[in-house]
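Colleague: structure for the following, please:
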Amino acid sequence: MDGSIRIGRLFGIPILLHYTFLLVIPLFAWIIGSQIVETTDLLNDVFRVTVDTTLITGTYMPYILGTVIALGLFFGVLIHELAHSIVARKKGLKMQSITLLMFGGIAQMDEGVPDPRVELPMALAGPGMSLIFGLVCCGLVFAVPVMTNVPATAGVLIFVFGYLGILNIILCAFNLLPAFPMDGGRVLRAVLAQRMPLHRATRIAANVGKGFAILFGIVGIFLLSPFLLLIALFIYIGAGMESSSAEYRFLLQDVTVGAMMSAPVTTVPPNLPVAKVIEMMYASKHLGFPVVERGALVGMITLVDLNRMSAIDRDAMQVRDMMSHDPVTLPPTAPVIDALRLMAAKNISRIPIVDAGEIVGIVTRTDILKVTELKQI
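Modeller: Residues are numbered from 1 along each chain as shown. Here you go, the predicted structure:
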């Protein structure tokens, strides 16, 4: 995912940190620290314990505790996503990475068309792990008085464990709401998909998710809560995207790139002046050409490549100076779904189709969208 840095691996899965995570930690620390008294009263009521506030209400301590709890919350998110990932890998899916970002985490995998028998346990694993983590933290609240006889220290530990326990139990319950694309929505789709085609099950789950998003939005407006409004927007957009993706997979499941590629293909040599390529783009309305030398594909020159250099510098350059090397290719027999997946992963919009070492066509994202529209007729 763009804007992410890799911070390590767990169980062989790369762990990435999105820049939004770094922005939200100070925000969470401030929110938690500014509500320290109200939270302490809540913990007293929930756990029926007396929290010593001697250290908790110090000058900087509320915000230090806020930072610790914010990091603990994202640790809970990490093990939530790890649970998804480990179950998915045991079911034969290849995990790409786990990314921690502003609203939680994303486990990215090569899932293809979801199998309800795989999706159901995978979706339940994350909330299940959040519940276990929350219950463990709640249990530690009652163990703290036994662990230490210093009331001030016990107060700090009870505050941290109690807060994390409640947050993770809430996280479990929230994720189990049947609001696609959250885990509860995936559980709903997996159950429905055992009785109907997957794309119909996805559409129903997505519509339920949109209903929850509208409800969250209305509540957010009445409560003047920007956080609820952002969650509503996230759920609504995510539900729509997942529904469209499932529809595309259903419509294109038996279509190969060879059936929709454009042919013959206009190619350019590496020594062609860049100015000439721009003229060809204007004339053909095509925004990219394969680069061929002595019959072999050696690169791609696209509008994205041209925009990396100023107009003045481009005047003196040839295609070989600006082309992308080692282009992604597919054989004519490859499923269109593979082409879409590659386009999304590599952030490209066209893929040359190669058969027996020769270019026989090219497929673009626009070609795929046009065929999908035709299949909906």
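
Colleague: tell me what the helix or strand where residue 338 lies is packed against?
Modeller: For residue 338, the enclosing helix or strand under DSSP states H and E is helix 336-346. Packing partners of helix 336-346 (3 or more CB pairs under 8 Å, 6 or more residues apart in numbering; DSSP states H and E): helix 226-251, helix 257-260, strand 350-355, helix 365-375. All C-beta atoms are positioned from the backbone trio N, CA, C, and that covers glycine.

Colleague: the longest one to helix 365-375, inter-axis angle?
Modeller: Counting by axes from the mean of the first three to the mean of the last three CA atoms, to 10 degrees, helix 226-251 lies at 70 degrees to helix 365-375.

Colleague: buried residues in helix 226-251, which are they?
Modeller: Across helix 226-251, burial judged by 16 or more other CB atoms under 10 Å covers 228-229, 231-232, 234-236, 238-240, 242-243, 245-251.

Colleague: quickly note the distance from the residue sitting furthest away from the middle of the chain to residue 43.
Modeller: Distance to the chain centre peaks in the chain at residue 149, reaching 45.0 Å (criterion: CA atoms, centre = their mean). Separation of residue 149 from residue 43 (CB to CB, to the nearest Å) stands at 20 Å.

Colleague: again with residue 138
Modeller: Applying CB to CB, the value for residue 138 to residue 43 is 10 Å.

Colleague: these two: which has the busier surroundings?
Modeller: Just comparing residue 138 and residue 43: by other CB atoms under 10 Å the higher neighbour count belongs to residue 43, 22 against 18.

Colleague: one step back: now the helices and strands packed on helix 336-346 as a markdown table including distance to residue 268 and mean pLDDT?
Modeller: Compiled in a markdown table, the helices and strands packed on helix 336-346 are given as follows (distance: least, CB to CB, whole Å; pLDDT from 0 to 100):
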| stretch | distance to residue 268 | mean pLDDT |
| --- | --- | --- |
| helix 226-251 | 31 | 79 |
| helix 257-260 | 22 | 85 |
| strand 350-355 | 12 | 89 |
| helix 365-375 | 20 | 77 |
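
Colleague: need these in TSV (columns: distance to residue 90).
Modeller: Below are the helices and strands packed on helix 336-346 laid out as TSV (distance: least, CB to CB, whole Å):
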stretch	distance to residue 90
helix 226-251	23
helix 257-260	32
strand 350-355	32
helix 365-375	32
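
Colleague: which residues do residue 138 and residue 43 both contact?
Modeller: Shared contacts of residue 138 and residue 43 (CB atoms under 8 Å, 6 or more residues apart in numbering): 162, 166.

Colleague: in this structure, where is pLDDT below threshold?
Modeller: Scanning the chain for pLDDT under 70 picks out 1-3, 102-103, 110-114, 374-377.

Colleague: where do the strands of it begin and end?
Modeller: Here the chain has its strands, by DSSP state E, at 4-10, 13-18, 94-101, 104-110, 288-293, 296-302, 324-325, 350-355, 358-364.

Colleague: quick check: which of these is nearest to residue 119?
Modeller: Proximity to residue 119 (CB to CB) singles out strand 104-110 among the strands of the chain, at 11.1 Å.

Colleague: and stretch 185-195, how far out from the chain's middle?
Modeller: Relative to its parent chain, stretch 185-195 has a centroid offset of 20 Å by CA atoms, centre = their mean, to the nearest Å.

Colleague: got the buried residues for it?
Modeller: 185-190, 192-193.

Colleague: helices - which of the residues you listed land there?
Modeller: 185-190, 192-193 (DSSP state H).

Colleague: most widely separated two among the residues you listed?
Modeller: Farthest apart among these by CB to CB are 185 and 193. That separation is 12.2 Å.

Colleague: tell me the domain ranges of the protein?
Modeller: Here the domain parsing of the chain from automatic domain parsing is 4-251, 257-375.

Colleague: give me whichever of the ones you listed is most buried.
Modeller: Looking across the domains of the chain with neighbours counted as mean count of other CB atoms under 10 Å, the highest average goes to domain 4-251: a mean of 18.

Colleague: picking up where we left off before, now render the buried residues of stretch 185-195 as TSV, adding distance to residue 64.
Modeller: Shown next, in TSV, are those (distance: CB to CB, whole Å):
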residue	distance to residue 64
185	37
186	37
187	38
188	41
189	42
190	42
192	47
193	47
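
Colleague: residues touching stretch 201-212, excluding its own?
Modeller: Stretch 201-212 is contacted from outside by 116, 177-182, 185-186, 188-190, 192-193, 195, 235-236, 238-240, 242-243, 246-247, using CB under 8 Å, 6+ apart.

Colleague: kindly report the same for stretch 309-323.
Modeller: By CB under 8 Å, 6+ apart, the residues outside stretch 309-323 that reach it are 268-275, 277-278, 291, 298-301, 305-306, 308.

Colleague: same deal with stretch 53-63?
Modeller: So stretch 53-63 is contacted by 29-30, 32-34, 36-37, 40, 65, 151-153, 155-156, 159 (CB under 8 Å, 6+ apart).

Colleague: in these, find the pair that's most separated.
Modeller: Largest separation among these by CB to CB: 30 and 151, giving 27.1 Å.

Colleague: identify the bridge partners of the residue positioned nearest the centre of the chain.
Modeller: Most central in the chain under CA atoms, centre = their mean is residue 106, positioned 4.4 Å from the mean C-alpha point. Taking DSSP bridges as the rule, residue 106 bridges to residue 99.
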